[in-house]
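Q: Give me coordinates for this.
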Amino acid sequence: MGLVVQKYGGSSVADAEGIKRVAKRIVEAKKNGHQVVAVVSAMGDTTDELIDLAEQVSPIPAGRELDMLLTAGERISMALLAMAIKNLGHSAQSFTGSQAGVITDSVHNKARIIDVTPGRIRDSLDEGNIAIVAGFQGVSQDTKDITTLGRGGSDTTAVALAAALDAEVCEIYTDVDGVFTADPRVVKKARKIDWISFEDMLELASSGSKVLLHRCVEYARRYNIPIHVRSSFSGLQGTWVSSEPIEQGEQQVEQAIISGVAHDTSEAKITVVGVPDKPGEAAAIFRTIADAEINIDMVVQNVSAASTGLTDISFTLPKTEGRKAMDALEKNKGGIGFDSLRYDDQIGKISLVGAGMKTNPGVTAAFFEALSGASVNIELISTSEIRISVVTRADDVPEAVRAVHTAFGLDSDSDEAVVYGGTGR
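A: Modelled structure (predicted):
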């Protein structure tokens, strides 16, 4: 039996009973002969509560101090979990991200992992301990300050440790039984996927699926670490995310034409109105956005009006970055030469994902027919080889997701999908 890295989200360790349930699962893996490293998130909504508290004290908390505050949440859950494991008769040691050797860059609140040097974790495992690691955090290589990895950072911590320790698998425990063909909170008949490729999972994650974060899957693909997404509330098999299909019994799980439907209502749309239709204008707009360190998603440029020689350029970005983007563009209005800006944060994105789409004609037509049948108006369209995404009104998203899900035969014939906990994060 090899080494297993397990990650438990906030809903799994939300209270004392949850922590004791997780401790039993970890001890069971240890009894089965595995070396176990468990990565934990903060309990329940602790991180959100700490952010609220910080904002009550200061409207714009300093990044360094906010990181110092937020990492307390994971330290609480890791220590309690180690206590619970010891109460079951097994030895456990807890480690902060810096103690575990998670080395990051110096960007506070959304640091990226540069390296993992898990010497202390390896020594602890060799001594027969279960290692409990605080997720979501690390230490800056340059400043030696404590850093946090942003939303979903515990998933990335787990995969990074699995790669550094050469683990057999990284198990991500959440509040649903795996990766589903749509969010089971929106589509009650969503079907659990037995296996999905890294590429399809990356598209789903980047399109709004919250069960796994994009950075986590990206890291797993780079180091070829199989991920097993499953529930900490049940003993059911979950979803395997890997480079090659897995085998179950004598049958190999084949890749479906359509992997799933994802949605995202966390984005906003900015339209730059009256842009001169000449070389360099788009570059000036997006250089301004890039200099403000803002990531954008979808981009559409309208055909210019022949009479004026002007065009409009629209793009989507996280709502949280909307004000900063508007301010940056207004500041550079003279240099770019546009007329005005329009901001819209009442949008939603629906994405259809599947590697089989590129070899199956009619997928695009069926997708748009389903949206038409649900009376959903489309504002932006973006495609890749394995994804079609559209932007619609936010209010239309639930109905649009259900319509597309049904149109592609993804509805489950069995019972409704079970959501055991809270948000799964």
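Q: make it CA atoms for all contacts and neighbour counts henceforth
A: OK.
Q: lowest confidence element among the helices and strands of this protein?
A: strand 251-252 (a mean of 50; mean pLDDT, DSSP states H and E).
Q: continuing past it, what's the next helix or strand?
A: Helices and strands here follow DSSP states H and E; after strand 251-252, the next one along the chain is strand 260-264.
Q: What average pLDDT does that next one get?
A: Per-residue pLDDT over strand 260-264 has a mean of 95.
Q: helices or strands next to that strand in the packing?
A: helix 198-206, strand 347-353, helix 397-407 (3 or more CA pairs under 8 Å, 6 or more residues apart in numbering; DSSP states H and E).
Q: got the contact list for it?
A: Outside of strand 260-264, the residues within contact range by CA atoms under 8 Å, 6 or more residues apart in numbering are 180-183, 204, 207-209, 348-354, 397, 401, 404-405, 410.
Q: who touches L69 in this structure?
A: Contacts of L69 by CA under 8 Å, 6+ apart are L50.
Q: Three-state assignment for it, please.
A: With DSSP: H, G, I helix; E, B strand; the rest coil as the basis, L69 sits in helix.
Q: Could you do I196 as well?
A: strand.
Q: What count of nearby residues applies to the closest residue to it other than its chain neighbours?
A: What sits nearest to I196 in space, not counting adjacent residues and going by CA to CA, 6 or more residues apart in numbering, is V241, at 5.1 Å. Residues within reach of V241, counting by other CA atoms under 10 Å, total 28.
Q: deepest of the helices and strands packed on strand 260-264, which one?
A: Mean neighbours per residue, mean count of other CA atoms under 10 Å, is largest over those for strand 347-353, with a mean of 26.
Q: where does the stretch 301-425 of the chain dip in pLDDT?
A: 306, 415-416, 420-425 (pLDDT under 70).
Q: Helices of that one, start to end?
A: 322-331, 333-336, 363-373, 397-407 (DSSP state H, counting those that start in this stretch).
Q: Show me what the third one packs onto, helices and strands only.
A: Helices and strands in packing contact with helix 363-373 are listed as helix 397-407; criterion 3+ CA pairs under 8 Å, 6+ apart.
Q: shouldn't S98 be in contact with Q137?
A: Yes: S98 is within contact range of Q137, at 7.5 Å (criterion: CA atoms under 8 Å).
Q: what touches both of these two?
A: With CA under 8 Å, 6+ apart as the test, S98 and Q137 both reach I146.
Q: ok, the two, which is more surrounded?
A: Taking neighbours as other CA under 10 Å, S98 and Q137 compare with Q137 leading, 34 against 22.
Q: Give the phi and psi angles for that one, as a check.
A: The phi and psi values for Q137, taken as degrees, to the nearest 10, are phi -150, psi 160.
Q: Give the closest residue to D345 in space, chain neighbours not counted.
A: D345's closest residue in space is A268 (CA to CA, 6+ apart), at 4.2 Å.
Q: which strands and helices sit next to the host helix or strand of that neighbour?
A: Using DSSP H and E, A268 sits in strand 267-276. For strand 267-276, the packing partners by 3+ CA pairs under 8 Å, 6+ apart come out as strand 310-318, helix 322-331, strand 340-344, strand 347-353.
Q: Can you say which helix or strand has M83 in it?
A: Going by DSSP H and E, M83 is part of helix 63-87.
Q: how much space between the residue lying closest to I19 once chain neighbours are set aside and I76?
A: Sequence neighbours aside, V13 is the residue nearest to I19 in space, at 4.8 Å (criterion: CA to CA, 6+ apart). Distance, V13 to I76, using CA to CA, to the nearest Å: 11 Å.
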